[in-house]
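Trainee: Sharing a model prediction with you, sequence too.
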Amino acid sequence: MADESNLSDYTGEFRKKSGHLEDFSREFLVKLTHIYEDTMLFACHAWATVLSDKVGPRVAWDLAGEISRSMGRQVMPLGRYVGKPAARWKGTGDQVAPFDCSAEDLTKEALLKLLRTYWDQWLKFGNEWVERIVATHKLNGKEAAEVGEKAYTLIGEYENAKLAELCLIQPRNVIDDIKLATIGIDATNGYQGEWDVIDPDNVVLRMYECEVMQKYIDQGVFDAKKARWMCRYEQQMSEALMPGTKLDIEFPFEDNLQVPPGQPFCIWKYTKRGNPG
């Protein structure tokens, strides 16, 4: 039996938690790091491709270039070169042996830190696309959400195929999509709560706390109705990242953000896409 904190695939039972990268081996995490990096790069293509239908390819790719140099900039590999100002190129006495670090050079602890950095970068990268689209190209919220949903559909198809290969999973059921989603670049520390696997194509997640919403409540940023719009947007994007799964989000207390203790903030219901009900 594989070491529970050193897994080399995800063929075992669903572990009923999200973002549990510490459960996997260093070798697995090196490969996962490159999947995250590839997904970030592919995401520029996905967003620009979909946005091209609204503003044309040149404008869309100009924006992709700008974002790739800011929030989409690759963190690794990391290189550091030390040399004399205006020295001869590659003069042996003018340059220190360069430091070059990639994922393959990192310990498991360092990889976990890097992967969590990528989680944060991914959220802010997506937010920057939406903010720039709305501010620069005057798309309304509905149009921006449509662009986002189509972009995330392309991204989900790309990333999930790579994750499935790494995890040795052939996605057939809802539970397979969820296993991939809970270690993918969009996993972060979300999807936390109480999981109920009714059957492989019927899974319920009861959320007792929402990191994002709690932040808004503490800051007094959004009213309840606008906050719920954010939840609906999250539902669309999360579903788009799971090609075979339908996601419905229910709010037991509707627009009341002050949920009684012990009650779920929201309930996520995952079923097979195309199934009635």
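Mentor: Everything's here; your move.
Trainee: Quick check: closest non-adjacent residue to E104.
Mentor: Setting aside the residues directly before and after it, E104 is nearest to V30 in space (Cβ to Cβ, 6 or more residues apart in numbering), at 5.8 Å. (C-beta placed from N, C-alpha, C; glycine too.)
Trainee: Tell me how far the residue nearest the centre of the chain lies from G156.
Mentor: In the chain, the centroid-proximal residue (Cα atoms, centre = their mean) is D186; its distance is 1.6 Å. For D186, the distance to G156 equals 9 Å [Cβ to Cβ, to the nearest Å].
Trainee: Give the intersection of the neighbour lists for the two.
Mentor: L241 (Cβ atoms under 8 Å, 6 or more residues apart in numbering).
Trainee: Give me the mean pLDDT for the helix or strand where E157 lies.
Mentor: Using DSSP states H and E, E157 maps to helix 141-167. Regarding helix 141-167, the rounded mean pLDDT is 91.
Trainee: and that helix, which residues are buried?
Mentor: In terms of neighbour count (16 or more other Cβ atoms under 10 Å), helix 141-167 has its buried residues at 144-148, 150-156, 158-160, 162-164, 166-167.
Trainee: low pLDDT regions in the stretch 151-277 of the chain?
Mentor: In the predicted model of the stretch 151-277 of the chain, residues 189-191, 211-217, 219-229, 255-257, 275-277 satisfy pLDDT under 70.
Trainee: any idea how far the closest residue to G193 other than its chain neighbours is from E13?
Mentor: Nearest residue to G193 in three dimensions, chain neighbours excluded: M207, at 4.2 Å (Cβ to Cβ, 6+ apart). With distances taken as Cβ to Cβ, M207 is found 22 Å from E13.
Trainee: Settle it for me: which of these two has more neighbours?
Mentor: A count of neighbours by other Cβ atoms under 10 Å puts M207 above the other of M207 and E13, at 19 against 9.
Trainee: so what's that one up against?
Mentor: Shown in contact with M207 (Cβ under 8 Å, 6+ apart): 192-193, 264-268.
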